[in-house]
Every structure is written in structure tokens, then in C-alpha cells.
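Trainee: how would this look folded up:
(2 chains)
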Protein chains: 2
Amino acid sequence: MHKPTMKDIAKKAGVSTATVSRVINNYPFVKERTKKKVQEVIDQYKYYPDLIARSMIKKRTFTIGLIVGGLDNPFFAESAECIVKEASKFDSHVMLYVNEEKSSKMAEYIAFLIAKRVDGIIIGSMYKDDHRLIEQLDHSQIPYVLYNRKNKRKQVDYIVQDNYKGAFEAVSHLIRLGHKRISMVYGSSESETVESRLEGYHKALAVNGLKVYPHLMHEVGFKNIETKVREAIRVMYSDKIKPTAIFTSADFIAMEAMECLSELGYRVPEEVAIVGFDNIRLSGHSFIGLTTVNQAVEEMSKLAVERLMQKIDEQENNLPPSELNSWQIKLSPQLIIRKTCGATVQEK
Amino acid sequence: MHKPTMKDIAKKAGVSTATVSRVINNYPFVKERTKKKVQEVIDQYKYYPDLIARSMIKKRTFTIGLIVGGLDNPFFAESAECIVKEASKFDSHVMLYVNEEKSSKMAEYIAFLIAKRVDGIIIGSMYKDDHRLIEQLDHSQIPYVLYNRKNKRKQVDYIVQDNYKGAFEAVSHLIRLGHKRISMVYGSSESETVESRLEGYHKALAVNGLKVYPHLMHEVGFKNIETKVREAIRVMYSDKIKPTAIFTSADFIAMEAMECLSELGYRVPEEVAIVGFDNIRLSGHSFIGLTTVNQAVEEMSKLAVERLMQKIDEQENNLPPSELNSWQIKLSPQLIIRKTCGATVQEK
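Mentor: Here you go, the predicted structure:
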């Protein structure tokens, strides 16, 4: 038998094509009996219409690729959720890849997505110096957008938080509270996000005439975070000159630090103030109450998808690119003050 | 030019094919200069080997589909992470779909995955009565495995937690602590998971001769959980007969309940004991310390992927199915006692 059409299904089920369409699209006001009958015929003839059919007409796959560092980082889990939901508004599905923060995996996935002819790609875990991957994407002519972390090349479309300013404000807040020995525990400096947050941290100390203590700076990378954060905390708190506050480059690092401090018998915020970055959902939980910089994950995800869809449309319709080289968005950071940074401290 | 082969790349770069392979697979001991040269040629000729090439030889796409309810449910985010990692051990990529707990979306995604000729499908958010979807999958002859929630049909391969027993043990523990008015706040009873947990709850009350208070039973569904949990808590705690303990069908519901109780001025566990289900990562955080039933997410995810790969292999090699209708795994639950259920209570 030839591939069944909507007409075939309608004929077999003894209804109009409009009714078949209504059943497929789950419209209300279709009688249960009619629905059941149509569904049976659809199942029998394995009629899978919709996206597949449309992708044949439109020369699009209605699929976009999404690459994130890891779903164990709640920022990525939450943004992936937002991107999937937003993409579905454009009738697009998402192929999700977790590159485990490895450039080699990213390269493999990009190659795969190109070969799969996805309509576009969104990347949340690009490293700042990964020009080779950017070239690979440019060669492919598949539209793409970076979010969360940008690349250093000018021509790339991206949306990020103003990480420098966010970190500057977070650390300035700690300084205003009286802290002078502020540790920073951060992920990999291969990521532009972390690099900018480090710059903001240094700038805030500098303008306030505070010293940087090298032994209070701890890079924990992206793997075995738990172990490495614990090591960092243990090392710092066995030293004579202990930090009174810890700024972290991510909320999940902050939570790990809080956990470890509590095991060591230090009270947050009475003895140690903590500030994170991201504002993941659980940071707002009253049992955690983490002071943090809001990444505006929903807004960032939404805008990234919208921009990608615009680029896909432009390409499909051979329109001139709307504004060459210009979609580079930095969102304004917002410091959300909760209980983990406590009140003003006395000289310690 | 014809599609470049590894030989072409080797020739252009003036190295052996073994060296090209080493560069592609990121082996150590390749000189930086050689690496750079090979990479340049690869980029120039857009040579994307590996999975694509292999999928043409093996008639497989090396892609599996994964459907979960939503990444805002940490259980799904964590299991998706585990499944992606486990699949990559089998050189398989994962197309992730979030069906937002809607059968209609699930149907659409399944149809799409079938049309995309994925090697197999793993589903975490199947409803217990969704036989139509199971039929759709069976028709397609694509191997599939359910995890987390099973369907009521006998022939389906699945791996789930023993939800009945887990709930029974959790509620029995609360009863042993002296609680007599135990509320249950749960997701949608369309899910077999929730249904079995409800049964375990009822059984534990029954064998201990305790009364079920209908006003302490609250179904919050899967949408707008925050609002609905809050409503449920507010309603219960404005009543004369208040619960002294709350058992929830998921950790993220438990956390929402804790949040709301704390806003209303109730202390956990002193005034209200809380027990969850799932054991998501943050439940173990010392600031939360949620008593919960371990879902063993890593084990469950790992076994689901292994089983799927076995089925894919069997189909590819035309082997007889290993054990017809028999891969139906129930993991043994483990109650993890932390601080939210506190100590023995006095008669209230």
C-alpha cells in the first residue's frame, strides 16, 4: 500500500478530512466514538502526519539541537526545560546533548547535528577559546545561537548575563557588609562566564582597596565538583587566615560549600556569608535562602529560541540577515539578597 | 568533490590515516603541530566521520529517543542526565523530549521518533492507561523500555521502583513515630507511580488501624505544582483537624510543602513531619535533610539503557528475543531517614 494520506484515513473511518485533522490535533467537541474510530484507523495504517509531512513540504526538519554542559548543573536543566517549551511554541523539537563540559564531545555532537540537518543549534556550554567549533558551525551554514557562555569571536550571536557586573555587585555587597577576606570558589576558567565573574570579583576588591588572598581562590572545574568544593573548603578552614565570606560562580557550588561548612561546624550566615550565581529554583527555598545573582534563565532561554527561529526563517526565505553581527545581548544582572549573606559583620 | 574520506584527509595533511584517526579520537601523544594541521584539513573539507559513517554501515542511527514529563521535576532531570551518560557508553546519542505530562504530546513525539528511525525509545512519563501509545510503539517495531512509570499491559518491558512497598514503609515509619493524622499530597493518579504510592499509604494506615481523613488527601496534578501544593497546605492548616505529618509522592512536592509550612509559621519536623519520594540530589543537602524513599535513579537509568541496547542488538542481528515478556524489574525501595520526620511525637 502507498503511504496513507489524510484522505485515506478519512475514507476508511467514514468521516471528513476535517474530522481527522480535528482528532489529530486534539480539538474539543469531537465525539468520543468518532475519535476512537479515527484513532483506530490511524493506528492500523500507521499514519504519522504533521511534523513529518510538514518537514517534507517546508524542507525543514522542525528539529533544533541543544548542547548543554550537564543536567546535574541545575542551571542547564532549567534552561533546557525552558528552551524545549519555547521551541515547542514554534513547533520545533529539541535534540538535547550533554557534552559533559568536553570540547571533543561538543565537536562530535555538532558534527552529528549538522549531518542530521537540524534547522538550528543552541549551545549553552561553549568555551571561550573554542574557535574551531565556531568555524565548524560557520562552515555548516546552520543557524546557531550561544547562550549562557559566549565565544570570543565578534560574529557570533549570543545572549549572556552581564557576568562581570553581576559578580562585581555581589562582591561589593559583601564588602559593604564589612567582609574583608572574601574567598571565590569557581568552575573552569575556560568558560567565559567564569572568567568574567572572576574579573568582577577582582574589580570589586580593587576599587575597595582590598587585598586578594591567593589561598582563598579555588578553581574546582566542572567534574567531581562535590569533592573539589569540599577540598577547597577544608583547606581554607584549616588555615589561620580564614575567609568570612565565600562568593561562588554557581549556586550549586554555593550549596555544596554550605553543606561542607555545616559539617565542619560553621554556621551560615553567622560565621560565613555565602553568595551564589544563577538563582536556580531551589536557591529561593526558605530552607536554603541563598543570596545570588539572577541569571534570568527564562528570559535568556526565550530570547535565544526567538533569535534562532528568526535566523532559520531568514535562511529559509533567503532574506538578508536582519542585522549582521549585531545580536549580542547582555542581560542586566540583579542581585537577590536572601539570608545566606546575613547582616553587617564586625571586624574579624 | 566527492565526499572526503579519511584517506583524503590523511593525504592532504601529509600524515597516515592512523594519525587522522588519533586526532579525531583525541588520543594523547599527537604533536600539537600535527594535530593542528589535520584539524585544519578536516575543517576545510568538512569531514564529519564517525557516527554518521558508522550508522550507514550498521543501518543504525546510533540515536535513541527519551521522553520525560518535565525537567522541572528533578527526578526527570537527574535520570535524563544518567541516561545520556549511559547511552554514550554505547556510542548512542539521545533525543530528549519533554511531554509536559500530556498524552497528546507523547503521541506526537513517539510518531516523530518512529519517523526519525531512532534505534530505540526510553519513556519515563507513560500513563498507566495509555494503551494506544503502547500499541503505536508495538506497531512500529522499534525497541522500547519504560522506566519510572509502567503501563498496565503485560508485554511491556519496564523498570520501576516498588512504589507500593516504598510508600508503605515510609508511612509505617511515620506511624511508628506516633503520627495518627498523616496527610498525603500527590501528583496525578493517572500515573501508575502515584497510584501505587497511594495504595501503599492506604495499606499502611489500614494495617495499623488508622483512619483515612479525606480532607488530608490532596491531588496536585503535574501542572502549577507550587500553587496547588500551597493551596492544599493552606486548606489543611486552616482546618481544626490538622495533620501532624505529610507524606508526598515526590521530593519536589515535599520541598514545596516545607516552604509553605515555614511561611505559615510551622516548624519542620517539630510541628510537622515530612517524608518525600525520589531522593533527588538536593534532598540530601543538610539544609533540607528530607526523609525520603530512594528511587535509585542511577541504577534505574543504567538498567533501562542496558536493556534497550540488548533489545536493539537482538533486533539488528535477528536474534530471538532473550526472554519474551519477562523484563519487568521492580527495584527494592530503601527508606532514607533524615531530619524532616524528626523523633517520636506525643499524642496531639
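Trainee: A:Asn208 against A:Ile175, yeah?
Mentor: Yes - the criterion here is Cβ atoms under 8 Å, and A:Asn208 meets it with A:Ile175 at 4.9 Å. Any C-beta I mention is one placed from the backbone N, CA and C, and that applies to glycine too.
Trainee: Of those two, give the one with the bigger neighbour count.
Mentor: Counting neighbours by other Cβ atoms under 10 Å in any protein chain shown for A:Asn208 and for A:Ile175 shows that A:Ile175 has the greater number, 17 against 13.
Trainee: where does chain A dip in pLDDT?
Mentor: Residues of chain A meeting the criterion pLDDT under 70: A:1-3, A:24-29, A:48-59, A:321-326, A:346-348.
Trainee: what are the ranges of the helices in it?
Mentor: All helices of chain A, identified by DSSP state H, fall at A:6-13, A:17-24, A:32-44, A:51-58, A:74-89, A:103-115, A:131-140, A:163-176, A:192-207, A:225-237, A:251-264, A:297-316.
Trainee: A:Gly14: what's it in contact with?
Mentor: A:Gly14 is in contact with A:Lys37, counting by Cβ atoms under 8 Å, 6 or more residues apart in numbering or on different chains.
Trainee: Quickly note the distance from it to chain B.
Mentor: Between A:Gly14 and chain B the distance is 20 Å, computed by Cβ to the nearest Cβ, to the nearest Å.
Trainee: now A:Ala245
Mentor: From A:Ala245 across to chain B, the span is 18 Å (Cβ to the nearest Cβ).
Trainee: who's in contact with A:His173?
Mentor: Residues near A:His173 by Cβ under 8 Å, 6+ apart: A:Val275, A:Thr291, A:Leu335, A:Ile337, A:Cys341.
Trainee: can you rerun that using 10 Å?
Mentor: A:His179, A:Ala204, A:Ala245, A:Phe247, A:Ala273, A:Val275, A:Thr291, A:Val293, A:Leu335, A:Ile337, A:Cys341 (Cβ atoms under 10 Å, 6 or more residues apart in numbering or on different chains).
Trainee: try A:Ile83
Mentor: Residues near A:Ile83 by Cβ under 10 Å, 6+ apart: A:64, A:66, A:68, A:92, A:94, A:96, A:122, A:124, A:147, A:297, A:300-302, A:304-305, A:308, B:71, B:98.
Trainee: can you do 7 Å?
Mentor: A:Leu66, A:Val94, A:Ile122, A:Ser301, A:Ala304, A:Val305 (Cβ atoms under 7 Å, 6 or more residues apart in numbering or on different chains).
Trainee: Out of the residues you listed, which are close to chain B?
Mentor: Contacts with chain B are made by A:Val94 out of those, judged by Cβ under 7 Å from any Cβ of the partner chain.
Trainee: any idea which of the contacts of A:Ile83 is closest to chain B?
Mentor: Closest approach between the contacts of A:Ile83 and chain B, by Cβ to the nearest Cβ: A:Val94, at 6.7 Å.
Trainee: does the closest one really touch A:Ser88, like I thought?
Mentor: No - the criterion here is Cβ atoms under 7 Å, and A:Val94 misses it with A:Ser88 at 8.2 Å.
Trainee: returning to what we had before: closest to B:His139 out of the helices of chain A?
Mentor: With Cβ to Cβ, the closest approach to B:His139 among those belongs to helix A:32-44: 6.5 Å.
Trainee: List the buried residues of that closest one.
Mentor: A:Thr34, A:Lys37, A:Val38, A:Gln39, A:Val41, A:Ile42 (16 or more other Cβ atoms under 10 Å in any protein chain shown).
Trainee: The residues you listed also near chain B: which ones?
Mentor: Among the buried residues of helix A:32-44, the ones lying near chain B by Cβ under 7 Å from any Cβ are A:Gln39.
Trainee: Out of the buried residues of helix A:32-44, which comes closest to chain B?
Mentor: Checking these one by one against chain B (Cβ to the nearest Cβ), the nearest turns out to be A:Gln39, at 6.4 Å.
Trainee: surely that closest one meets B:His131?
Mentor: No - counting by Cβ under 7 Å, B:His131 is not a contact partner of A:Gln39; they are 11.0 Å apart.
Trainee: where does the stretch 101-250 of chain A come near chain B, residue by residue?
Mentor: A:Ser104, A:Glu108, A:Ala111, A:Phe112, A:Ile114, A:Ala115, A:Arg132, A:Glu135, A:Gln136, A:His139.
Trainee: Isn't the fourth one up against B:His93?
Mentor: Yes - at 6.3 Å, A:Phe112 counts as touching B:His93 under the criterion of Cβ under 7 Å.
Trainee: what about the two, which has more around it?
Mentor: A side-by-side neighbour count of A:Phe112 and B:His93, using other Cβ under 10 Å, places B:His93 first with 24 against 21.
Trainee: so what's that one closest to, chain neighbours aside?
Mentor: B:Thr63 (4.8 Å; Cβ to Cβ, 6 or more residues apart in numbering or on different chains).
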